[in-house]
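**Q** fold the following for me, if possible:
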Amino acid sequence: MSNAIQFDKIKSKEKFFLVFRGLCEIAESAFSRFDAQFKEAKYDDAMEVCKSASYLMSIAFVIMGMRGDYDGFRDDNLLAPFFVEIDGITYNQDYLYTMNDHFADRFNKVLDILKRVDLESYAFYSAVWKNH
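**A** This next block holds a predicted model:
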């Protein structure tokens, strides 16, 4: 029997934020690894940049999806104000939007790198990203 929290069965705001915060930590690590790997314009392997861009875009989309699609925050289909305290830190809607914007900005920087490396892949990823 697994103790893993399933995204579609999160029953409380506290559990939601534990999952969301954990996902943001994973995303931060992945984006930092990308930054370190492709530091100082060393983009010799276009395929590797594309593969990383795909992974990072997926993570950003999950964060955006979680930010906007948790029924526990909805009241008559409107986002209801809420506050949750976990480990002495208070979370609210602003945290969700701040993380959403943070990772959207980080992915836009990945797109800038992809544009320099592979224009065809950039056009594809950019179209998907802008049409989300």
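**Q** only C-alpha atoms for contact and neighbour calcs from this point on.
**A** Fine.
**Q** low-confidence regions, the chain specifically.
**A** 1-11, 40-44, 68-82 (pLDDT under 70).
**Q** please enumerate the strands of it.
**A** Assigned by DSSP state E, the strands in the chain fall at 74-75, 78-79, 84-86, 89-91.
**Q** hmm, who's touching the last one?
**A** Around strand 89-91, the neighbours that count as contacts under CA atoms under 8 Å, 6 or more residues apart in numbering are 17, 83-85.
**Q** paired strands for that strand, with orientation please.
**A** strand 84-86 (antiparallel) (DSSP bridges).
**Q** for residue 121, state which of the contacts of strand 89-91 is nearest.
**A** Among those, residue 17 lies closest to residue 121 (CA to CA), at 34.0 Å.
**Q** what's around the nearest residue to the closest one once chain neighbours are set aside, how many residues?
**A** Spatial nearest neighbour of residue 17, chain neighbours left out: residue 91 (7.8 Å); criterion: CA to CA, 6 or more residues apart in numbering. Residues lying near residue 91 (other CA atoms under 10 Å) number 17.
**Q** then residue 94?
**A** Around residue 94 there are 9 residues (other CA under 10 Å).
**Q** all the helices of this structure, in order from the start?
**A** Under the criterion DSSP state H, the chain contains helices at 13-37, 46-68, 93-117, 119-130.
**Q** in the shortest one, which residues are buried?
**A** It refers to helix 119-130. Under the neighbour-count criterion of 16 or more other CA atoms under 10 Å, helix 119-130 has 121-122, 125-126, 129 buried.
**Q** residue 60 and residue 104 touch, don't they?
**A** Yes. Using CA atoms under 8 Å, residue 60 makes contact with residue 104 at a distance of 6.6 Å.
**Q** nothing else from me, thank you.
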